[in-house]
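**Student:** heads up, no residue letters with this:
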């Protein structure tokens, strides 16, 4: 009798699992764009009773898109953007890059602005003093968005300057990603609140503390002061970026100080994120100012994220690879391109374009580096050159095409940045600026070493197997 009861109980649970697995599978089929991801999720759902469905509910469903569409303004006009001078193709953009300019405008919905000045800041040793000085001189508003904001020597300096700005009547808003804020405990939030700084966490989550591989995070780094000066790039706020001070967990990086009309686009993007998080609308001349021309650079912001901005950066990267006529240089800390980007890189090499990719010889995320190494042969065999830069770990994100067009910002060449996180980038048209950035790249080449196809192929069998297994997880790394 007891056996019959147990069998009946198992049958009930099996029926329940069949029902929820069927519903979850239908959701996957109807909503997932990638065929391989669809097959993988359906397999997990059916092969791991209950657990597979639970994992899909936690990790596989994009809950951002519907929420973002409901809370974000229907048009940017609601945020009162300024009218800014527009760059004319014939005056600034060379003929070979005009298609790329049109692509950037189409996918971003933003014009290419003329009259911007861009200053390259190397490591936190140059970037942090410039950022802190701008905060200390702020008269009206300060907006700051960052992924990591550590409560250490560097973070405390920013808290002090932001708190002082609040005390003298400056309107300050700070947006920190919750996962990034948790990389150091206790978090920076309490210090900011005690200093009177309005701070919000982007997408509070129950994911485990310091989970490096969590998704749907705000990976953007932006500081905008008085609506006229901005800092952006790949640099977080943490002591490791101060190479002259730090001895552990040292991180090389580039950041950029931008002045001119494009700063208004960065401010719009922050305002959208702030409203998404807090429901507060930032508008008016204190937040948005009509900046005068400051320099020779034409620039445009490209926002990317797992909402209505999905796949913008992937499309822009494909466009940049396709229009190159001479050279392509890519500096990235994480290199896990999908098959379409690998094909685009190979096609560029086969067209005779010199493609160079600069990667850290020693990464900070072990599984990511294993997975990356497993697919390097796919680009090496077609002529792409890969350069490994020595420690300290290089967190720089930079792309240069034909010594004229540059892409800076927060996006890495991996699935997390290109599909799962919120990113901000700025495309720049200027030969002089490209020349300055080329010097940064050449310094990396001089200090690094070239990785050959033979070296990759001659790794021990156990390493190739380890790296190959890690590559299977690349969509989630």
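**Tutor:** It's in. Please read all numbers here as calculations on a predicted model, not as lab measurements. Residues are numbered from 1 along each chain as shown.
**Student:** lowest-confidence helix or strand of this protein?
**Tutor:** helix 64-71 (a mean of 47; mean pLDDT, DSSP states H and E).
**Student:** What distance separates the opening and closing residues of stretch 244-258?
**Tutor:** Terminal residues of stretch 244-258 lie 24 Å apart, using C-alpha to C-alpha, to the nearest Å.
**Student:** Could I get the buried residue list for it?
**Tutor:** Buried residues in stretch 244-258, counting neighbours by 16 or more other C-beta atoms under 10 Å, are found at 246, 250, 251, 252, 253, 254, 255, 256, 257, 258. Bear in mind the C-beta positions are built from the backbone N, C-alpha and C, glycine included.
**Student:** what is the third one paired to in the beta sheet?
**Tutor:** Applying DSSP bridges to residue 251 yields these beta-bridge partners: residue 393.
**Student:** How about the contacts made by it?
**Tutor:** Residue 251 makes contact with 238, 240, 241, 364, 392, 393, 394, 395, according to C-beta atoms under 8 Å, 6 or more residues apart in numbering.
**Student:** average model confidence for stretch 239-250?
**Tutor:** The average pLDDT within stretch 239-250 is 89.
**Student:** Please disregard the earlier target; I meant stretch 360-377.
**Tutor:** Mean predicted confidence for stretch 360-377 is 93.
**Student:** any idea which helix or strand carries residue 37?
**Tutor:** Taking DSSP states H and E as the definition, one finds residue 37 inside helix 35-47.
**Student:** tell me which strands and helices the helix or strand that that helix is followed by is in contact with?
**Tutor:** Using DSSP H and E, the helix or strand that follows helix 35-47 in sequence is helix 51-55. When contacts are defined as 3 or more C-beta pairs under 8 Å, 6 or more residues apart in numbering; DSSP states H and E, helix 51-55 sits against helix 2-31, helix 35-47.
**Student:** buried residues in stretch 37-56?
**Tutor:** 37, 38, 40, 41, 42, 44, 45, 46, 52, 53, 56.
**Student:** show me where pLDDT drops low in this structure?
**Tutor:** 1-3, 5-7, 33-34, 36, 58-91, 205-215, 475-477 (pLDDT under 70).
**Student:** Quick one: residues contacting the residue lying closest to residue 237 once chain neighbours are set aside.
**Tutor:** Spatially, and ignoring its direct neighbours in sequence, residue 237 is nearest to residue 149 (4.7 Å; C-beta to C-beta, 6 or more residues apart in numbering). Applying C-beta under 8 Å, 6+ apart, we find residue 149 in contact with 155, 158, 174, 176, 180, 181, 188, 236, 237, 238.
**Student:** quick one: which of those is nearest to residue 21?
**Tutor:** When the contacts of residue 149 are compared for distance to residue 21 (C-beta to C-beta), residue 180 wins out at 34.4 Å.
**Student:** measure that closest one to residue 246 for me?
**Tutor:** 18 Å (C-beta to C-beta, to the nearest Å).
**Student:** can you map out the helices along the stretch 151-300 of the chain?
**Tutor:** 153-167, 178-181, 189-194, 263-278 (DSSP state H, counting those that start in this stretch).
**Student:** I'd like those helices as JSON lines, with distance to residue 382 and mean neighbour count appended.
**Tutor:** Converted to JSON lines, the helices of the stretch 151-300 of the chain look like this (distance: least, C-beta to C-beta, whole Å; neighbours: other C-beta atoms under 10 Å):
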{"stretch": "helix 153-167", "distance to residue 382": "42", "mean neighbour count": "19"}
{"stretch": "helix 178-181", "distance to residue 382": "36", "mean neighbour count": "23"}
{"stretch": "helix 189-194", "distance to residue 382": "48", "mean neighbour count": "16"}
{"stretch": "helix 263-278", "distance to residue 382": "36", "mean neighbour count": "23"}
